[in-house]
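**Student:** I would like the atomic coordinates for the input below:
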Amino acid sequence: MNKTDTAITHVTTSSSNIFEELGFSGQEATKLKIKAQLMCSISE
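**Tutor:** Numbers count the residues shown, from 1 in each chain. Got it, this is the predicted structure:
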């Protein structure tokens, strides 16, 4: 069985919206961020 290296070797700081970093347009990224926040609130 092969061992997978899971050590974190580099961390890049994020902007305030991960969806923008994933390539969504500004408007779409904002909508997705709001939806994600609402789903987190609902699940809590």
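**Student:** what ranges do the helices span in this protein?
**Tutor:** Remark: helices assigned in the chain by DSSP state H are 18-21, 26-43.
**Student:** just say which of these is most tucked in.
**Tutor:** helix 18-21 (a mean of 15; mean count of other Cβ atoms under 10 Å). Just so you know, the C-beta spots here come from the backbone N, C-alpha and C atoms, and that holds for glycine as well.
**Student:** average pLDDT across stretch 11-26?
**Tutor:** Mean per-residue pLDDT for stretch 11-26: 87.
**Student:** follow-up on the earlier one: put together TSV for the helices of the chain, with distance to I8 on each row.
**Tutor:** Formatted as TSV, the helices of the chain follow (distance: least, Cβ to Cβ, whole Å):
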stretch	distance to I8
helix 18-21	18
helix 26-43	23
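**Student:** mind checking which of these is nearest H10?
**Tutor:** Each of the helices of the chain was scored for nearness to H10 using Cβ to Cβ, and the closest is helix 18-21 (15.3 Å).
**Student:** mind giving me the packing neighbours of that closest one?
**Tutor:** helix 26-43 (3 or more Cβ pairs under 8 Å, 6 or more residues apart in numbering; DSSP states H and E).
**Student:** quick one on the thing from earlier: so which of the helices of the chain is nearest N2?
**Tutor:** helix 18-21 (30.7 Å).
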